[in-house]
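Chemist: Sequence and predicted model, in that order:
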Amino acid sequence: MSLPIDFMNRRLDGLERRGLRRKLTQLEGGAAPWIEIEGRRLLNLSSNNYLGLAGHPDLAAAMATAADDEGCGSGSSRLIAGTSHLHEALESRFAAFKGMESGLLFTSGYTANLGVIPSLVGAGDLVLGDELNHASLIDGCRLSRAEFRSYPHADVGALRDALASTAGGTGTRRRLVVTDTVFSMEGDEAPLTEIAEACSRYDAMLMVDEAHATGCLGPGGRGLVAELQLESQVTASMSTLSKALGGLGALVTGPALLRDYLINTSRSFTFTTALPAPVVAAGLAALDLLERDLWRVQRLQDNAAQLRRGLRDAGFNISGSTTQIVPVLVGESRRALDFAAALRAEGVFAVAVRPPSVPMGAARVRATVMATHSADDIVLAIDAFRRVGASLGMVA
Ligand SMILES: *Cc1c(COP(=O)(O)O)cnc(C)c1O
């Protein structure tokens, strides 16, 4: 007897032909600035461990203590028997860090976005989202069953028009605008002050995803909302603990009412097991470090500026990057794969990002820097990009 799964081969073959098939790469060294793949040492420009906290001994010690004290699994969902003092401590501390009234912990950024959006809007409502929003926001919008309209990337005029043309109507129709604050494949920032103004003018809720902003920019790494002092204009702000904070989990912060509302309505909060105590303790330890050592955020920003300058001066198109995420636009998927392979031969690990993560024809090699890279590491990276770019005829 054979299983009826030949469609899998056909689908994978189709992806292969278009240069879109994906493979897992096993690496040693965790999320460190230098890693090993197949015995070769490589400069890691592919990690979201922006502040280097994933390898910090304080996080490891906090996890070990929490595992000893409270065990390795939480044993239950938050609403049944899975809430400990650690969960609530992290929620209130993180809310204070973000300058917001409440916080609620989810098991990941993906599940947070999947849970929050359908709690805020439903069938008959309207969601407007930037066309380059992260897949988790898109999936949250789909799951909500609200009408979804995307607006061109960072185009506040188009957003305003969409809000104006859908104003009035049935009085009970809720409207929500969702956007990344730092875009994960572009490394640019949303025009958030203008977006917030448009939302308040047209009575729409604003939800932001600070996955790549929290720990990376704004005062003390508090994110773009804090930098622009828009805390009171945001209905929900999502921050992951999995990127700059070096662990796992996500916090949704907002007005006091939001936490209670999400506890009562968000299915991805309700129907899953609470994060284990060690993971929550690591989040608290990361927050301690973030509040104590301001140099990490500064180092990240300095390294990012050095890489952007170097790649731009070398003649690469780094799109609108203003952050630690620096895309080098290549175009075709196969060419992006060739670029990444050549970089790896030069000792640099930066991956090709292809559709559907980016639009068709906009494949790129995406470099991310960490606070734990040295200035010499960045010079090495720029030199490698330059050599590969020249060999592929992309730069002089
Ligand atoms: C990584 C990411 C997420 C998902 O967060 P996880 O904690 O990894 O699940 C959500 N939104 C954006 C913009 C991201 O980059």
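Modeler: Yes, it's here.
Chemist: Looks like residue 330 contacts residue 361 (just checking).
Modeler: No: with contact defined as CB atoms under 8 Å, residue 330 does not reach residue 361; the gap is 10.0 Å. Glycine gets a C-beta too; all of them are placed from N, C-alpha and C.
Chemist: what sits up against stretch 132-144?
Modeler: 109-110, 112-118, 120-122, 125, 127, 129, 148, 150, 153, 178-180, 183-186, 209, 211, 356-357 (CB atoms under 8 Å, 6 or more residues apart in numbering).
Chemist: before we move on, back to that, look at residue 330 and residue 361 and report which has more neighbours.
Modeler: residue 330 (26 against 11; other CB atoms under 10 Å).
Chemist: For the more buried one, which non-adjacent residue is closest in space?
Modeler: residue 336 (4.3 Å; CB to CB, 6 or more residues apart in numbering).
Chemist: In this structure that neighbour contacts residue 366, no?
Modeler: No: applying CB under 8 Å as the test, residue 336 and residue 366 come out as separate, 9.3 Å apart.
Chemist: Common neighbours of those two, please.
Modeler: residue 353.
Chemist: Doesn't residue 355 lie inside a strand?
Modeler: No: the assignment for residue 355 (DSSP: H, G, I helix; E, B strand; the rest coil) gives coil, which keeps it out of a strand.
Chemist: which residues does it contact?
Modeler: Residue 355 touches 20, 333, 362, 363, counting by CB under 8 Å, 6+ apart.
Chemist: Residue ranges in the stretch 151-300 of the chain under the pLDDT threshold?
Modeler: For the stretch 151-300 of the chain, applying pLDDT under 70 flags the ranges 168-171.
Chemist: In the stretch 101-250 of the chain, mark out all the strands, start to finish.
Modeler: 102-106, 126-130, 147-151, 175-180, 205-209, 236-240, 250-254 (DSSP state E, counting those that start in this stretch).
Chemist: Tell me if the second one is near the ligand.
Modeler: Pointing back at strand 126-130 there. No: Strand 126-130 does not reach the ligand (CB under 6 Å from any ligand atom); its nearest approach is 10.9 Å.
Chemist: and that strand with strand 175-180, angle?
Modeler: Strand 126-130 runs at 20 degrees relative to strand 175-180, counting by axes from the mean of the first three to the mean of the last three CA atoms, to 10 degrees.
Chemist: Does residue 263 touch residue 77 like I think?
Modeler: No: applying CB under 8 Å as the test, residue 263 and residue 77 come out as separate, 11.1 Å apart.
Chemist: which residues touch the residue nearest to residue 330?
Modeler: 330, 352, 353, 354, 363, 364, 365.
Chemist: is it possible to export those to a markdown table including distance to residue 139?
Modeler: A markdown table is the format used below for these (distance: CB to CB, whole Å):
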| residue | distance to residue 139 |
| --- | --- |
| 330 | 27 |
| 352 | 23 |
| 353 | 18 |
| 354 | 19 |
| 363 | 22 |
| 364 | 22 |
| 365 | 26 |
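Chemist: are any of those buried, and which?
Modeler: Buried by 16 or more other CB atoms under 10 Å: 330, 352, 353, 354, 363, 364, 365, out of the contacts of residue 336.
Chemist: quick check, nearest of the residues you listed to the ligand?
Modeler: Minimum separation from the ligand among those (CB to the nearest ligand atom) is found for residue 353, which lies at 12.0 Å.
Chemist: So which of the buried ones among the contacts of residue 336 sit within strands?
Modeler: 330, 352, 353, 363, 364, 365 (DSSP state E).
Chemist: give the contact list for the second one.
Modeler: The reference is to residue 352. 330, 333, 336, 337, 339, 340, 363, 364, 365.
Chemist: Find the nearest non-adjacent residue to it, please.
Modeler: Residue 352 sits nearest to residue 336 (CB to CB, 6+ apart), 3.8 Å away.
Chemist: Specify the local secondary structure of the one you found.
Modeler: Per three-state DSSP, residue 336 ends up helix.
Chemist: what's the distance between it and the ligand?
Modeler: 19 Å (CB to the nearest ligand atom, to the nearest Å).
Chemist: Now do the same for that residue: its pLDDT.
Modeler: pLDDT for residue 336: 96.
Chemist: Once you drop chain neighbours, what's closest to residue 30?
Modeler: residue 55 (5.8 Å).
Chemist: before we move on, what about residue 58?
Modeler: Using CB to CB, 6+ apart, the closest residue to residue 58 is residue 285 (4.8 Å).
Chemist: burial count for the one you found?
Modeler: 24.
Chemist: quick one, what contacts it?
Modeler: So residue 285 contacts 56, 58, 59, 61, 62 (CB under 8 Å, 6+ apart).
Chemist: Work out for me the element it sits within.
Modeler: helix 277-292 (DSSP states H and E).
Chemist: what's the angle from that helix to strand 250-254?
Modeler: Going by the same axes, to 10 degrees, helix 277-292 makes 60 degrees with strand 250-254.
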